[in-house]
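A.B. asks: Here is my input, please return the structure:
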Amino acid sequence: MAREDILVVDDTPTNLRLVEYILQHAGYPVRTATNASEALAAIAAARPRIILVDVQMPGTSGLELTHQLKTDPATRDIIIIAVTAYAMKGDDAKASDAGCDEYVTKPIDKRALRHMIARYFPG
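C.D. replies: So this is what the prediction gives:
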């Protein structure tokens, strides 16, 4: 059985490439999407173990995408990590209310991100 992967969803190419690089360098298989529509297509093609989703995206936001995935029985158990550059007081609660399992801020602490992801890939 192939190892489950991580889907990174971010509309900013630089951020997308950075997170992809950090995770691939740590040995994780990574796919990317630049918006919610691409993310849904990627999930339909191959279900990821974890999704890192940018909170602020045009169109469907990361929190809206999270809510959609967490209310669908077919995807509700996917681990979703909210990622944001605009952390304001209470944003972590909004992410949690939408269904996010974790919350990280940009700039991303590479070591902390790798440690967080490792908790979901035992062994």
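A.B. asks: what about residue 35, distance to residue 21?
C.D. replies: To residue 21, residue 35 is 20 Å away according to CB to CB, to the nearest Å. (C-beta placed from N, C-alpha, C; glycine too.)
A.B. asks: Relative to residue 89, how far out is residue 51?
C.D. replies: 25 Å.
A.B. asks: how about the nearest residue to residue 64 once chain neighbours are set aside, what does it touch?
C.D. replies: Spatially, and ignoring its direct neighbours in sequence, residue 64 is nearest to residue 36 (7.2 Å; CB to CB, 6 or more residues apart in numbering). Applying CB atoms under 8 Å, 6 or more residues apart in numbering to residue 36 gives the contacts 9, 57, 59-62, 64-65, 68.
A.B. asks: Looking at those, which one is closest to residue 120?
C.D. replies: residue 9 (16.6 Å; CB to CB).
A.B. asks: Pull the contacting residues for that closest one.
C.D. replies: Per CB under 8 Å, 6+ apart, neighbours of residue 9: 32-36, 38-39, 51-54, 57, 62, 65.
A.B. asks: Show me which of the residues you listed has the smallest pLDDT value.
C.D. replies: Minimum pLDDT for the contacts of residue 9 is recorded at residue 57 (92).
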